[in-house]
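Visitor: Give me a 3D structure for the following:
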Amino acid sequence: MKEKPEDRLVDRVGLGVLAAQFPDALVDRVVTETGRREKRTRDLPAALMVRYVVALALFPSDGYDEVMRQVKVADDWLADSAGPVKVPATTAITKARDRLGVA
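Guide: Okay, here's the model as predicted:
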């Protein structure tokens, strides 16, 4: 039986390392200090996008959508919420990355 992408241990370990090295408090502080805090509630908040951009470097052979799915799975798991993960459209991801900026 083929492993589902969300069942890959290497992904879970990599995303666990990501969460440990970039805790929410640190990510939130950087987002605030760079002036990238969103003014309204979004499906792709700046803090999630920071973890996504870092995860892109951890998983260079995976597509953008797959990396986002992995980040959302990890984010939901850390938030202790279960259920199917909805991956946003590529255009939504691109717009969220643009809002995040380079700072």
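
Visitor: Show me the longest helix that occurs in this structure.
Guide: Longest helix of the chain, by residue count under DSSP state H: helix 64-78.

Visitor: Next secondary structure after it?
Guide: For helix 64-78, the succeeding helix or strand toward the C-terminus, using DSSP states H and E, is helix 90-100.

Visitor: Tell me the buried residues in that next one?
Guide: For helix 90-100, a neighbour-count test (16 or more other C-beta atoms under 10 Å) marks Ile93, Ala96, Arg97, Leu100 as buried. All C-beta spots, glycine's among them, are computed from the backbone N, C-alpha and C.

Visitor: from those residues, which has minimum pLDDT?
Guide: Within those, Leu100 has the lowest pLDDT, namely 85.

Visitor: picking up where we left off before, out of the buried residues of helix 90-100, flag the one nearest to Arg29.
Guide: Nearest to Arg29, judged by C-beta to C-beta, of these is Leu100 at 15.0 Å.

Visitor: Quick check: the closest one vs Glu38, distance?
Guide: Applying C-beta to C-beta, to the nearest Å, the value for Leu100 to Glu38 is 10 Å.

Visitor: Common neighbours of the two, please.
Guide: Ala46 (C-beta atoms under 8 Å, 6 or more residues apart in numbering).

Visitor: any weak-confidence spans in this structure?
Guide: 1-14, 16, 42, 78-83 (pLDDT under 70).

Visitor: Could you dump the buried residues of helix 90-100 into a markdown table and include distance to Ala19?
Guide: Formatted as a markdown table, the buried residues of helix 90-100 follow (distance: C-beta to C-beta, whole Å):
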| residue | distance to Ala19 |
| --- | --- |
| Ile93 | 20 |
| Ala96 | 19 |
| Arg97 | 20 |
| Leu100 | 18 |
